[in-house]
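Student: Return atomic coordinates for the entry below.
(chains A and B, ligands or ions: 2)
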Amino acid sequence: MTDTRTTAAHGGAIGLHGIKKWFGTFQAVDNVSLDIRSNEFFTLLGPSGCGKTTLLRMIAGFELPTEGQVLLDGVDISRLLPNQRPVNTVFQNYALFPHLTVAENIGFGLKMLGKPKSEIDSVVKDMLKLVHLDGRGNNPVTQLSGGQQQRVALARALAPRPKVLLLDEPLSALDLKLRKSMQMELKRLQLETGITFVFVTHDQEEALTMSDRIAVMSTGTVRQVGSPWDIYDRPAERFVADFIGETNFLEAEVISVSGEKARVRLSSGAEINATYPEGITPKGKVTIVVRPEHARLGSSGSGMLEGVLDDIVYLGTDNHFHVKVDGGSTFIVRQQNAKSGHCGFSEQERVSIAINDDVAQILRD
Amino acid sequence: MVSPQDVSEQRQKKEIRDRWFLSAPALILILAASVGPLVIVLLYSFLAPGNYGDVKWEFSTEGWFNVLFSRDIFDDTVSLADAHFLIFWRSVKLAFATTIFCLIFGFPTAYFIATRAPHNRSLWLFLITIPFWTNMLIRTFAIQEVIRSEGIINTLLLKIGIISAPIQMMFTDFAIMLGMTYVFLPLMVLPLYASLEKLDFRLVEAGYDLYASRFGVLWRIVIPLVKPGIIAGSILVFVPALSSYVVPRVLGGGKNLMVGNLIELQFGQGRNWPLGAALSVTLVIIVLFAMLYYVRNASKSGGSAHG
Ligand SMILES: Nc1ncnc2c1ncn2[C@@H]1O[C@H](COP(=O)(O)OP(=O)(O)O)[C@@H](O)[C@H]1O
Ligand SMILES: [Mg+2]
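Tutor: Ligands and ions are numbered 1, 2, ... in the order given. This is a model prediction of the structure:
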């Protein structure tokens, strides 16, 4: 009997090559190419309707790509039926079989694979333990809470030991607290089983906390692929920067490029270093992004950008300072409330913004 | 003194009285339309036959006796009425086969409709129910037109040269079954559709995802979940098929009787109303037992919540 708690298992690698999907005259996925590595926690992140589910369904086999190939460990599986692919799905609404018990749900895949009853029983037992539902095997699934149903759905998809597990917004129906604990739980399961997880979400925070790598999608295309750090700190384009967290966009002009960095001049005349995405050589007028927590507020004349403090938003752990920069745009600075009491600035005061070293990023577009 | 308990008890009694009062129209209707006629039939089955039909108002068990036994007219020897047994048995067989055929044809039909785009489904349902707008007799004659010796099928087959002489289809059990299947098919399709339409097709996908074959998905997911529809449809087909009258009359000719024809015979040419009434009650009892047996079995094998 295979022990589900060993990490020796080999998760499959998924290759998507030039995937296009048309529904009639509507193109839901446009030329997506991705390489999802073995044993990886990979997330498809994007707003609702951008084609995440469609992409996932093409990996599972529920939809056939209009063009392009799906590879599993280098083998083309594009034309295989869902029941021929060693890939399992955790559905958004769980899709548990209401006429079967918890144990029957979890054992369903193994039973369909023709495994002997003794093996099914022992795997089901292990799975129940893995998702903390020991002793619930004989309950009808309809009597479980949302969180428990979620865990049954997970166990059911993991029981046949797929090479890849697909999860379509599995946590979206849970309340915040349960969601947080399930995030940890999923991460643990992925590490323990060694199965490649392809996780779909529209929640950027969820994506950042859980993923090894993230693909940010928009209207059927993949905009950027990278580690959470890449995606957050080094967004390649406006959509990605905007979709993930809060961002300040600044106009700037490139003065010089050396190695991985460029020297840019801000509208105020101040000069800073900025990184830039792979594949371009920045020149002329560019847009740079600076995260609110990567800048500091100071008294007038001390920084790189001057302006008037428009608004102070108190958020408990942080303060958000909305500064109307001379020349037009608003710049948000986030500062932690390290001390209790007043932040030391008042509204309508003239202030100065200093941008930290090596935090600015030039956008591609 | 009246205790609070008494008051609440009184209120409860009044509530129960009110409830009876409110449901009186329904009860009267049920009494008049279903229990009443049954009682009359039951009563007639215990009377003596009149000379020219009708009944004589005297108690007699002759009607019931005649269901099971037949008395020789000349020497009064009693033998089992095997003709009756035969006809009942044939009827049950034919009705059962009809139910199975309706399931075999009705299930894919209902599945097809339920998997169409929502705005197309009503059109398909409409098409399924169109035959219902025509008189059953006319529909039955239409079937006759298809299968009789000079009918469409035989003419076609003769023309192509597959057969050299027309196939005898009329006046066979096959004809009766074909006719009943055609006539009762919508009664199977509609409840099946109602169940299938409620089926969450994501469960079907989950089945495929978990390595089930097409047959596995059908057998382990779809059928258990639409079992209520299968039960309802089977009852709706089996019951009228068992007591079918028009179809066996037209397509079975005079020879291939079913219970319905046998009963009609007693009220008509046979002039034995008590026997007719007793046969009718027997039929009702058979239907009741068949249904009880079926429903109990179906829900037993259907798993827990959805049986
Ligand atoms: N079967 C389908 N037929 C037509 N359009 C579809 C179908 N499935 C998805 N779409 C469309 O494709 C787009 C992407 O859908 P989906 O992949 O579900 O997005 P997401 O999961 O990112 O929210 C949406 O505009 C949706 O309306
Ligand atoms: Mg989706």
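
Student: So the residue of the stretch 1-150 of chain B found nearest chain A versus residue B:24, what's the distance?
Tutor: Chain A sits closest to residue B:117 of the stretch 1-150 of chain B, with a gap of 11.9 Å, by CB to the nearest CB. Where you see a C-beta, it was placed from the backbone N, CA and C, and this is true even at glycine. Here residue B:117 is placed at a distance of 46 Å from residue B:24 (CB to CB, to the nearest Å).

Student: neighbour count winner among the two?
Tutor: It is residue B:24, of residue B:117 and residue B:24, that has more neighbours when counted by other CB atoms under 10 Å in any protein chain shown, with 10 against 6.

Student: coming back round to it: for the residue of the stretch 1-150 of chain B closest to chain A, grab phi and psi.
Tutor: phi -60, psi 140 (degrees, to the nearest 10).

Student: quick one: pLDDT of it?
Tutor: Looking at residue B:117, its pLDDT reads 92.

Student: Skipping adjacent residues, who's closest to residue A:235 in space?
Tutor: Computed as CB to CB, 6 or more residues apart in numbering or on different chains, the closest residue to residue A:235 that is not its neighbour in sequence is residue A:241, at 3.7 Å.

Student: burial of residue B:55, as a residue count?
Tutor: Neighbourhood size, residue B:55 [other CB under 10 Å]: 19.

Student: quick one: it from residue A:122, how far?
Tutor: On the measure of CB to CB, residue B:55 and residue A:122 end up 72 Å apart.

Student: again, but for residue A:346
Tutor: 68 Å.

Student: Tell me, how many residues neighbour the residue nearest to residue B:163 when sequence neighbours are not counted?
Tutor: Sequence neighbours aside, residue B:157 is the residue nearest to residue B:163 in space, at 4.8 Å (criterion: CB to CB, 6+ apart). Residues lying near residue B:157 (other CB under 10 Å) number 14.

Student: Helix, strand or coil: sort out residue B:157 for me.
Tutor: Under DSSP: H, G, I helix; E, B strand; the rest coil, the three-state class of residue B:157 is helix.

Student: Just to check, it is in contact with residue B:165?
Tutor: No - using CB atoms under 8 Å as the test, residue B:157 is too far from residue B:165 to be in contact (10.1 Å).

Student: In contact with residue 50, which residues are there?
Tutor: Just so you know, I chose chain A. When contacts are counted by CB atoms under 8 Å, 6 or more residues apart in numbering or on different chains, residue A:50 touches A:217-220.

Student: Correction: the question concerned chain B.
Tutor: B:56, B:271, B:273.

Student: partner residues bridging the first one?
Tutor: Meaning residue B:56. residue B:48 (DSSP bridges).

Student: what about it, how many neighbours?
Tutor: 12.

Student: Let me know the pLDDT of it.
Tutor: 88.

Student: in terms of contact, does it touch residue B:47 like I think?
Tutor: Yes - using CB under 8 Å, residue B:56 is in contact with residue B:47, at 6.4 Å.

Student: quick one, what contacts residue A:59?
Tutor: A:14, A:16, A:70, A:87, A:164, A:166, A:198.

Student: The third one and residue A:77 touch, don't they?
Tutor: Yes - if you go by CB under 8 Å, residue A:70 and residue A:77 touch, sitting 5.5 Å apart.

Student: For these two, indicate the residue with more neighbours.
Tutor: Per other CB under 10 Å, whichever of residue A:70 and residue A:77 has more neighbours is residue A:70, with 24 against 20.
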